[in-house]
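Colleague: Predicted model and sequence below, questions to follow.
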Amino acid sequence: KGCAWEGELGGLKDHLQSDNGCDYEIVQCDYCGYDCTGSCDANRTQFVELLLIEYCNETVERRYLSSHRKDCPYRDYECHYCGLIDTFDTIAGSGNITKKTPTGLMVFFPVPHFSVCGEYPLECPNKCGGKGIKRKDMETHRNTCPLERIGCPFKDAGCTAKVARKEME
């Protein structure tokens, strides 16, 4: 159908630039991963020194913009484990993301943040029942886990057996 606005040509500019604007005007999504033109909160990026910037270049009719913004991969998203704020795509996306720094340097993120977040809760891989172990604490847990397979105390003498820690005690 299209825009139903009617009026004098002189009023067109006001129609297009009003608070809501014309629903049928093609607009660009204004989401940006980081807008550091003013002051940049140091918690907004994993690599503060690089100030990685990415923008959504999607264009849609204004009437669809709010719907697009709800699913935009460049919308701000907070890791609910560590509090890092970045784009949705970087935190929870599929990985394989390349970001461009202001100096033109391209940086590749092969995995999403959730797969490397130190606060992300994991289960013990030995199935000891340990749940909710923070990724950053997993090595410490495994050093005391009763089901962790460890080498025989006589390995220096040639024994190659590995058994659960609880069986060695």
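Modeller: On my side now, so go ahead. These figures come from a predicted structure and were not determined experimentally.
Colleague: shaky segments in this protein?
Modeller: Confidence mapping of the chain against pLDDT under 70 gives the ranges 1, 18-19, 32-55, 95-110, 169.
Colleague: Run through the strands of it in chain order.
Modeller: Using DSSP state E, the strands of the chain run over residues 26-28, 59-61, 76-78, 85-87, 97-100, 106-109, 121-122, 133-134, 149-151, 162-164.
Colleague: quick one: strands adjacent to the fourth one?
Modeller: Spelled out, it's strand 85-87. Neighbouring strands of strand 85-87 in its sheet, by DSSP bridges, are strand 76-78 (antiparallel).
Colleague: Just the buried residues of the partner strand, please?
Modeller: Of the residues in strand 76-78, Tyr77 count as buried by neighbour count, 16 or more other C-beta atoms under 10 Å. Any C-beta I mention is one placed from the backbone N, CA and C, and that applies to glycine too.
Colleague: With only the CA atoms kept, save the helix ranked longest in the chain in CSV.
Modeller: Using DSSP state H to assign secondary structure, the helix with the most residues in the chain is helix 62-71. Listed in CSV are the C-alpha atoms of helix 62-71, where the atom choice follows Å, rounded to 0.1, in the frame of the first residue of the first chain:
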residue,chain,number,x,y,z
ARG,A,62,11.0,2.3,9.7
ARG,A,63,7.9,0.3,10.7
TYR,A,64,10.1,-2.8,10.9
LEU,A,65,13.0,-1.2,12.7
SER,A,66,11.9,-2.1,16.3
SER,A,67,11.4,-5.7,15.3
HIS,A,68,14.8,-5.8,13.7
ARG,A,69,16.5,-4.2,16.7
LYS,A,70,15.1,-7.0,19.0
ASP,A,71,17.0,-9.6,16.9
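Colleague: most neighbours per residue, which of the strands of the chain?
Modeller: Using mean count of other C-beta atoms under 10 Å, the stretch among those with the largest mean neighbour count is strand 85-87, at a mean of 23.
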